[in-house]
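**Student:** give me a model of this one.
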Amino acid sequence: MDIPRLSSFDQLAVGQRFRLGTLVLPRAEVVEFARRFDPQAFHMDEEAGRRSMFGEMVASGLHTLSAVFGRSVDSGLLADINLGGNQMEVRWPAPVRPDEVLELSAEVVELRPSRSRADLGIAKFRYIAERQADGVLVLDALITHFLRR
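**Tutor:** Next up, the predicted model:
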């Protein structure tokens with residue numbers, strides 16, 4: 001996967017889409033994350049998962065979000081220009097099962113230069129995760145980044 005390493009906000013255009021590869025949340029990692037950060041039984045125990053509205057053990061949405069965002073950072077796409085962010089809207093339309101393969105992408109949905117700082121641009125990226133097996137959307141996160149120009 002050849003992901004560019006951007007050197008300026010000005011290299012971006014609305015509608016650009018970047019494929020970020022695949023991601024798997026292994027069962028042991030799902031349980032460990034849940035134990036530490038989202039200790040709901042259906043994230044940690046098969047039987048509890050079967051009794052839940054999901055009908056099976058599923059990964060925490062927070063785990064899915066963290067892993068997808070981590071992969072975007074590891075990709076290097078914004079490594080040289082990302083200065084942080086201040087807003088996020090997240091949806092989890094479908095659950096993630098342990099050991100499923102997810103396809104990840106990021107799309108530029110909005111760009112605007114900062115009104116107060118000429119060296120700064122504000123970008124909204126939509127981060128998407130879909131199950132590779134059936135294309136079902138499991139994460140849709142709109143994240144605002146402050147980027148160097």
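**Student:** taking the mean pLDDT, what do you get for stretch 11-29?
**Tutor:** Averaged over stretch 11-29, pLDDT sits at 97.
**Student:** now stretch 57-76
**Tutor:** Average pLDDT, stretch 57-76: 96.
**Student:** report the backbone C-alpha coordinates of it in PDB.
**Tutor:** Extracted in PDB, the C-alpha atoms of stretch 57-76 (Å, rounded to 0.1, in the frame of the first residue of the first chain):
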ATOM      1  CA  MET A  57     -19.100 -11.300  21.800                       C
ATOM      2  CA  VAL A  58     -18.100  -8.100  20.000                       C
ATOM      3  CA  ALA A  59     -15.300  -5.600  20.200                       C
ATOM      4  CA  SER A  60     -15.800  -2.300  21.900                       C
ATOM      5  CA  GLY A  61     -16.600   0.600  19.600                       C
ATOM      6  CA  LEU A  62     -14.000   2.600  21.500                       C
ATOM      7  CA  HIS A  63     -11.400  -0.100  20.600                       C
ATOM      8  CA  THR A  64     -12.400   0.000  17.000                       C
ATOM      9  CA  LEU A  65     -12.200   3.800  16.900                       C
ATOM     10  CA  SER A  66      -8.800   3.800  18.600                       C
ATOM     11  CA  ALA A  67      -7.400   1.100  16.400                       C
ATOM     12  CA  VAL A  68      -8.600   2.800  13.200                       C
ATOM     13  CA  PHE A  69      -7.200   6.200  14.300                       C
ATOM     14  CA  GLY A  70      -3.900   4.500  15.300                       C
ATOM     15  CA  ARG A  71      -3.600   3.000  11.900                       C
ATOM     16  CA  SER A  72      -4.200   6.400  10.200                       C
ATOM     17  CA  VAL A  73      -1.400   7.900  12.300                       C
ATOM     18  CA  ASP A  74       0.900   4.900  11.600                       C
ATOM     19  CA  SER A  75       0.200   5.400   7.900                       C
ATOM     20  CA  GLY A  76       2.300   8.600   7.900                       C
END
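**Student:** tell me the buried residues in it?
**Tutor:** 57-61, 63-65, 67-69, 71-72, 75 (16 or more other C-beta atoms under 10 Å). Just so you know, the C-beta spots here come from the backbone N, C-alpha and C atoms, and that holds for glycine as well.
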